[in-house]
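K.L.:
Predicted structure and sequence below. I'll ask about it afterward.
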Amino acid sequence: MKDKIKIASKEILLLVILNYLFGEIIIDIILNAFNLNTLYLAKNETNLHSKSFVIISALVIAPFLEELIFRYPLRFFKTWLLPVLVSSTLFSLIHLYNYTIYNDKISLYLLLLAPYFLAGVSLSRIRLRYGIYYAVAMHFLYNLIVILVKGL
C-alpha cells in the first residue's frame, strides 16, 4: 500500500508540474505577447470576498465536485479513450467562466482551454489508474500551485 501511495504521489506531482508548465505558463506568455491578459477574470477581481470565495472554491469545492462529475463516471465504461476525451472536453468547456468572453477572440479560447483539457486527461489517467481519491488530491494540488504561483 505504501508503495502505491509513493508511486502515485510522484506521478501526481510530475503531472501537476508538466500541466502547469506546458499549460498555464505558455498561455500566459501568449496572452502577454498579444496584450490579451485582460481576458482572464481572476486578474480583474479586486474584492477580497470574491478572492476568498475563489480560493475556497478552487481548493475545496472544485476538486471534489468536478472529479465526481467528470472522472467518477469513467468507472462505468469498458473502454477508456472516448470517455476520457469527452470528459476532458466538457471539463475544459466549463472553465470558460474563468475568462471574459469577447466575440472577436473566439478562436483564442480554444488555445486558452488547452491546459484544462490536458489537466482533464491527466486527472482521468490518475482516476483510472489509482482511484477517485487520488484524482481529487491531484486536482487540489494543481489548483493550489496555480493559486500560489499566480496569486489572485
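P.N.:
Looks like it arrived, so ask away.
K.L.:
Next, the contact list for K2, please.
P.N.:
Counting by C-beta atoms under 8 Å, 6 or more residues apart in numbering, K2 makes contact with nothing. (Each C-beta comes from the backbone N, C-alpha and C, glycine too.)
K.L.:
Buried residues in the longest helix along the chain, which are they?
P.N.:
What stands out as the longest helix in the chain, according to DSSP state H, is helix 106-130. Of all the residues in helix 106-130, those buried under the rule 16 or more other C-beta atoms under 10 Å are 108-109, 112-113, 115-128, 130.
K.L.:
What pLDDT is listed against the closest residue to L113 other than its chain neighbours?
P.N.:
Distances taken as C-beta to C-beta, 6 or more residues apart in numbering put S92 closest to L113, at 4.2 Å, once the chain neighbours are dropped. Looking at S92, its pLDDT is 93.
K.L.:
What angle do helix 106-130 and the helix or strand harbouring S9 make with each other?
P.N.:
Using DSSP states H and E, S9 maps to helix 2-19. With axes from the mean of the first three to the mean of the last three C-alpha atoms, to 10 degrees applied, the angle from helix 2-19 to helix 106-130 works out at 170 degrees.
K.L.:
Go through helix 2-19 and flag the buried ones.
P.N.:
Buried residues in helix 2-19, counted by 16+ other C-beta under 10 Å: 8, 11-12, 15-16, 19.
K.L.:
Which member of these is positioned nearest F76?
P.N.:
A8 (22.1 Å; C-beta to C-beta).
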